[in-house]
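> kindly return the folded structure for what I paste below:
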Amino acid sequence: MNPPATPAARVPHEDFQLRAYCHIDRMQPQFAAFIGTITQGDPVVEGWAALYVEMAPGNWVFPIVDRVVKSTDVRPGSQIVERHYGMFEVHSGSQADVLRAGEVVLEELGLVRADRMRPNVASVQVVTNVNPFQCQLLNRFNRGTMIVAGETMLVLEVEPAAYVTLAANEAEKAAPVRLNHFSSVGAFGRLWMSGTEADVLAARDAALTALASVDGVG
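Predicted coordinates for the structure are as follows:
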C-alpha cells in the first residue's frame, strides 16, 4: 500500500504555467528502448502508457509527484527540475492508471486539461542524403539508432520541450523510421529521426498532426 499523500499542493501562484500535459497512450518499440537509455527512475517497456508534465516554476514538480505516486499505481521515470522549468514522467502498463495520474495532477493544481500550453513547432527541417561526416558529428550525441550516410534526416523542434515525446512516439507509429535521439528538457524539445525520404516525410506529417491535435492556451 502506498504511504499517505501529503496535504494538497493546489493553488499555484499567479505566474504558474502548466507548460505541457502530454499523454503517451502506447509506447512504441524504439521510443521505449530510447527511454531506457536515459531514464533516471523506473524503466519502461514497449506498450506501456506514460504521462509527461512540464510546469513553471519548476519546484512545483516536487509536491505534485509526491501526490501522484502516493495516490495512484504509476511509477516515476523522470523528475527533472531546472531554474525555470520542471518536468516529470510517470508510467504504467495500465492505461487507466496513467489516466488517473493525470486526473490527480489536474486536481492538485486546480486546473483543467485545457489550461495547458499548446505546442508550438519552432522549426522543422528535412535533410536528404546526409553526408557521412555530418553523420559522425550527430552520432556522437545519439542515444538511439545511429544515422548512416545517405539517409534522410528529420529535425523537429517544439516548445514546450516535453511535447517532443508525443511527436517522437506518433512519428514512430506512422513509419519505419529510425529514432536517433530526442531531448525533452529545457526551453525547447528537439527530435531527430532518419530513414528513407518517403518514410521520414510520413513520420514528419504524423508528428505535426499529433502536435496540432493538442488543445490548450497560447
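> can you list the domain ranges for the protein.
17-115, 120-213 (the TED database).
> helix, strand or coil: sort out the residue nearest in space to the middle of the chain for me.
Residue closest to the average C-alpha location in the chain (C-alpha atoms, centre = their mean): residue 165, at 2.8 Å. Counting by DSSP: H, G, I helix; E, B strand; the rest coil, the backbone at residue 165 sits in helix.
> cool, and the one 3 residues further on?
Three states are possible here, and by three-state DSSP the one that applies to residue 168 is helix.
> residues near it, how many?
Using other C-beta atoms under 10 Å, residue 168 is surrounded by 30 other residues. In short, each C-beta sits where N, CA and C put it, glycine included.
> residue 154 versus that one, what's the distance?
For residue 168, the distance to residue 154 equals 10 Å [C-beta to C-beta, to the nearest Å].
> show me where this protein has helices.
Secondary structure of the chain by DSSP state H: the helices cover 29-38, 61-71, 95-109, 132-139, 164-174, 197-212.
> low-confidence regions, this protein specifically.
Applying pLDDT under 70 to the chain picks out residues 1-13.
> repeat the analysis, applying 90 as the threshold.
1-15, 39-40, 82-84, 218 (pLDDT under 90).
> what do residue 168 and residue 154 both touch?
191, 193, 207 (C-beta atoms under 8 Å, 6 or more residues apart in numbering).
> mind listing what the nearest residue to residue 135 once chain neighbours are set aside touches?
Nearest residue to residue 135, sequence neighbours excluded (C-beta to C-beta, 6 or more residues apart in numbering): residue 147, at 4.7 Å. By C-beta under 8 Å, 6+ apart, residue 147 lies in contact with 130, 135, 138, 139, 153, 178, 180, 192, 194.
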